[in-house]
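> what follows is a predicted structure for the sequence shown.
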Amino acid sequence: MRILALFETISLDVRIAIRSLLKNPGFLVVVILSLALGIAANSTIFSVVDTLLYRPLPYPQADKLVVIWETEQAHPDQRNAPPIAQQVDWNKQNHAFEDIALISFNDTASVSGLGEPRPLRTQYVTPNLFSLLGAKPIMGRVFLATEAQDKAQTIVISYEFWKRELNSDPQVLGKSFSIEGVVSTIVGVMQPRFSPFFGGRLDLWVPINPESSRYSTRIDHWLMPVARLKPGVTLAQAQTEMDVISRRLEQEYSATNKGTGAIVLPLHDDLFRFAGPALYPLFGAVAFVLLIACVNVANLLQFRTETRRKEYALRSSLGAGRRRLIQQLLTESGLLALSGGLLGTALTYGGIKLLVALAGEFPNAADVGVDGRVLLFTLAISLLTSLIFGLAPALQASKPDLNEALKEGSRGSTGGAG
């Protein structure tokens, strides 16, 4: 029975609050818009922060993925790509990693044989990268390292490129065109939305063979090594082993490896090492904007409370307790905040698109969006704002000066009669 009575009381408060707010549409619009803009800005930044800094990478057992950079004793803070041929030595000599693959940053390659010659978005990778990340083609297979030749090679195309440029041709396997003058034959179509690790659209992948004689001089430093730790191996253990291997390679290849070492870092931390310093101050700035909006709304509510002093005095004189008045006013502020939250959620969709467009390509950009975590954050921040801007006016209104209110009422009545 108590629960039913509580529900009826809340329902009554909501109806009264709606009627009261609708009597002043100008006030209602200003407050909701102010809150919506502040909530949308915070939800937009939170969606980016959540995607980049708090979620794991979208690969199986992503916490086991690491990146290995080459370092120099003279400049220990610098991180460089190691020689391509070094991947072969690392794979043979280590016992800490299941596998080590190489990947380039997003690149462009000139393509002919598909209509007008134009550049396509390309990544150069070792064939084991796909299995390392748990990615499988939906058609065909991945290429082999031995299929990377000077005049001919095999390639894997992205699902999006297959749909956009090749009209989802079911007979696409075996078709060839020229990439930078090299005849390239399609052997596979990768699964949808596979675009490691740097954001943006990718059209195709080109094979790299670290054992090729072209890399034997060990002067090619343009691919990033990505590895997967074996079960039970810690980051510290992997680093210790790479230190030993680096000293061994320094002796074996003194001309190219003199004074060099290797540093093992979590892949997620390395990809997003610049995101925290950039996003947290921005998050603080938009939180301050929301706080300003709350202060402005609190001032508006304060003014509205002053104009309704007689109403609160009358309710108090008829037996309404202080708790009841606070509950009624907090219901009004809660409705305002939830309305601002709903509009802010709608604005967040547009805010995310705008932010991603302005920021350009960055890792996981395609995954930034409004999901359950963002909606929960928006709900929480809406309820918090309702307390911030609604509590002080509610406390003041719950203590009306009955004598002063009655005197004002008497003066108003006399003046009216006169």
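Yep, that arrived.
> residue ranges for the strands of the stretch 101-250 of the chain, please.
Remark: strands assigned in the stretch 101-250 of the chain by DSSP state E, counting those that start in this stretch are 107-112, 118-125, 137-140, 152-157, 176-179, 182-190, 204-207, 224-229.
> and those strands as TSV, adding distance to residue 242, mean pLDDT and mean neighbour count?
Just so you know, the C-beta spots here come from the backbone N, C-alpha and C atoms, and that holds for glycine as well. Formatted as TSV, the entries for these read as follows, by distance: least, C-beta to C-beta, whole Å; pLDDT from 0 to 100; neighbours: other C-beta atoms under 10 Å:
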stretch	distance to residue 242	mean pLDDT	mean neighbour count
strand 107-112	27	92	15
strand 118-125	21	93	18
strand 137-140	32	96	16
strand 152-157	30	96	22
strand 176-179	34	94	16
strand 182-190	30	96	20
strand 204-207	25	96	23
strand 224-229	10	97	24
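> distance of the most centrally placed residue in the chain relative to residue 149?
To find the centre residue of the chain, average its C-alpha atoms and take the closest one (C-alpha atoms, centre = their mean): that gives residue 51, at 2.5 Å. Residue 51 sits at a distance of 40 Å from residue 149 (criterion: C-beta to C-beta, to the nearest Å).
> quick one: contacts of stretch 241-256?
Stretch 241-256 is contacted by residues 68, 83, 86, 89-90, 93-96, 218-219, 257-264 when judged by C-beta atoms under 8 Å, 6 or more residues apart in numbering.
> should've said stretch 118-127
Contacts of stretch 118-127 with the rest of the structure, by C-beta under 8 Å, 6+ apart, involve 87, 101-111, 142-145, 161, 179, 196, 200-210, 223.
> change it to 7 Å
With contact meaning C-beta atoms under 7 Å, 6 or more residues apart in numbering, stretch 118-127 is reached by 87, 101-104, 106-111, 142-145, 200-208, 210, 223.
> by mean pLDDT, flag the weakest helix or strand of this protein.
Least confident helix or strand, the chain: helix 402-417 with a mean of 48, by mean pLDDT, DSSP states H and E.
> show me how far stretch 157-172 is from its chain's centre.
Between the mean C-alpha point of stretch 157-172 and the mean C-alpha point of its chain there is a distance of 28 Å (C-alpha atoms, centre = their mean, to the nearest Å).
> in the chain, where is pLDDT below threshold?
Residues of the chain that meet the criterion pLDDT under 70 lie in 1-2, 5-6, 305-322, 324, 392-418.
> domain ranges for it?
Dividing the chain into domains by automatic domain parsing, as the record does, gives the ranges 8-57+274-409, 65-270.
> give the buried residues for stretch 288-298.
By 16 or more other C-beta atoms under 10 Å, the buried positions in stretch 288-298 come out as 290, 293-294, 296-298.
> before we move on, what about stretch 61-71?
62, 64-71.
> among those, which one sits closest to residue 128?
Out of these, the one with the shortest distance to residue 128 is residue 65. That distance is 13.3 Å, counting by C-beta to C-beta.
> who are the neighbours in contact with the closest one?
Applying C-beta under 7 Å, 6+ apart, one finds that residue 65 lies in contact with 57, 59, 226, 228, 267.
> among these, which two are most distant?
It's 57 and 228 that sit farthest apart of the contacts of residue 65, by C-beta to C-beta, at 11.9 Å.
> hang on, the earlier thing: quick check: the residue nearest to the centre of the chain is in a helix.
Yes. In this structure, residue 51 lies within a helix as judged by DSSP: H, G, I helix; E, B strand; the rest coil.
> so how far is residue 159 from it?
21 Å.
> check residue 354 too.
27 Å.
> and these two? Which one has more around it.
A direct count of neighbours by other C-beta atoms under 10 Å for residue 354 and residue 159 places residue 159 higher, at 17 against 11.
> got a list of what that one touches?
With contacts taken as C-beta under 7 Å, 6+ apart, residue 159 has the following neighbours: 138, 189-192.
> could you do residue 88 as well?
Contacts were defined as C-beta under 7 Å, 6+ apart; by that measure residue 88 touches 210-211.
> doesn't it belong to a strand?
No. Using three-state DSSP, the assignment for residue 88 is helix, not a strand.
> could you identify the helix or strand that succeeds the lengthiest helix in the chain?
The helix of greatest length in the chain, counted in residues with DSSP state H as the criterion, is given as helix 322-359. Per DSSP states H and E, the first helix or strand lying C-terminal to helix 322-359 is helix 372-397.
> other SSEs contacting that following helix?
For helix 372-397, the helices and strands in contact under the criterion 3 or more C-beta pairs under 7 Å, 6 or more residues apart in numbering; DSSP states H and E are helix 25-49, helix 275-307, helix 322-359.
> please identify the most buried of these.
Mean neighbour count (mean count of other C-beta atoms under 10 Å) peaks for helix 25-49 among the helices and strands packed on helix 372-397, with a mean of 20.
> quick check: next helix or strand after that helix?
Sequence-wise, the next helix or strand beyond helix 25-49 is strand 65-72, with elements assigned using DSSP H and E.
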